[in-house]
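Participant: have a look at this fold, sequence not included:
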């Protein structure tokens with residue numbers, strides 16, 4: 001793990017070093033790869049079985065079998081989020097979505113931990129789309 005050293009101009013951040021099981025895009029939520037993971041450091045996009053094993057947001061695009069950084073804690077200026085025609089207040093929890101490369105709003109009754117929270121209100125007047133949104137990550 002990489003812990004940011006004391007810095008008065010940036011919020012605290014924690015990164016983990018992982019190996020991509022397949023190609024991964026920048027700013028997408030990733031989970032432990034439960035299909036082939038026998039060592040605890042292979043990651044992949046979210047799957048139904050691994051939604052509770054989310055480790056964070058990719059810091060850069062990663063090719064299959066490449067090693068890269070995943071932000072596991074702290075403020076992030078850009079994460080892929082599903083933006084719908086519903087307005088959500090700042091602070092609502094977001095969770096990874098099965099077989100998708102983005103986060104989506106999680107209802108209070110869904111039982112999943114709030115691993116991500118949006119930092120500003122979200123709304124769109126158009127149909128659902130993905131966009132880069134400021135989030136706070138809590139995947140430690």
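Facilitator: That came in fine, so what should we check first? Treat the numbers as computed from the prediction; the structure is a model and nothing was measured.
Participant: packing partners of the lowest-mean-pLDDT helix or strand in the chain?
Facilitator: Sorting the helices and strands of the chain by mean pLDDT, DSSP states H and E puts strand 2-3 at the bottom, at a mean of 82. Judged by 3 or more CB pairs under 8 Å, 6 or more residues apart in numbering; DSSP states H and E, the packing partners of strand 2-3 are strand 13-20. In short, each C-beta sits where N, CA and C put it, glycine included.
Participant: what's the residue most central in space within the chain in contact with, if anything?
Facilitator: Taking CA atoms, centre = their mean, the centroid of the chain lies closest to residue 29, which sits 3.0 Å from it. Contacts for residue 29 (CB atoms under 8 Å, 6 or more residues apart in numbering) come out as 45-46, 54, 56-57, 79-80, 96, 101-103, 116.
Participant: quick one, longest strand in the protein?
Facilitator: strand 67-83 (DSSP state E).
Participant: after that one, which helix or strand is next?
Facilitator: Per DSSP states H and E, the first helix or strand lying C-terminal to strand 67-83 is strand 93-96.
Participant: thinking again about what came up before, contacting residues around the least confident helix or strand of the chain?
Facilitator: 12, 14-17, 69.
Participant: which neighbours does that strand have in its sheet, and in what orientation?
Facilitator: strand 13-20 (antiparallel) (DSSP bridges).
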